[in-house]
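1. Any chance you can model this:
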Amino acid sequence: MALLDENSKRGRARQTERIFLVVVDSSEEMPVALRYASLRARATGGRVALFTAVEREGFGHWAAVDDLLEAEQREEAEALLSRYAEDAQAITGHSPVLYIRHGATRDALLNLLEEEPSISILVLAAGRGGRNPGPLISALTGKLHSRLNVPVTIVPGNLTDDDLEALSQAAT
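-> Numbers count the residues shown, from 1 in each chain. Purely as a prediction, here's the structure:
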């Protein structure tokens, strides 16, 4: 499993391998996006990448508290990505690339997409049960759409594993 942070840079040329990026968060629909991306990567010979952001709390003059909280958040982010990396690897047979960035999720994601030309497709799952699609999807399909440089696949968050299997095979 490759862990890349904000200081890492890879080649700027687009790779021939499709990289399906999934934003890992605590939403109930996120595993649907991960499973879809993993099935698509397996079907197309691509690879999965997982992303999460660590937001700084900002206690200002208490730098030691900031540093401690950031270290704890980073550990939690690494554990979260590792857990879902196992799921992706079980489906694809390959270790996913892992990205942890600092800052607000939306901004850190857009910066990652600008910096990593190897990422081919962003896969997100929409909220379940008639709610709005989620704040990230709303932002990326709204005002921020012009900053996107890759296609976005939005998967309905209520799809079953059987639905996802059928979709991933049909889209090959």
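2. show me where pLDDT drops low in this protein?
-> Scanning the chain for pLDDT under 70 picks out 1-15, 57-61, 63, 130-131, 170-172.
3. What's the biggest strand in it, counting residues?
-> Counting by DSSP state E, the longest strand found in the chain is strand 47-54.
4. tell me the angle of the very next helix or strand once past that strand relative to strand 47-54?
-> Elements were assigned by DSSP states H and E; along the chain past strand 47-54, the next helix or strand is helix 63-92. Put simply, helix 63-92 runs at 160 degrees to strand 47-54, going by axes from the mean of the first three to the mean of the last three Cα atoms, to 10 degrees.
5. how about the helices in the protein?
-> 30-44, 63-92, 105-115, 135-141, 161-170 (DSSP state H).
6. Which one of those helices lies nearest to residue 98?
-> Evaluated over those, closeness to residue 98 peaks at helix 63-92, with 4.8 Å, by Cβ to Cβ. Every C-beta, even on glycine, is put in place using the N, C-alpha and C of the backbone.
7. buried residues in the closest one?
-> Across helix 63-92, burial judged by 16 or more other Cβ atoms under 10 Å covers 69, 73, 77, 78, 80, 81, 84, 85, 87, 88, 91, 92.
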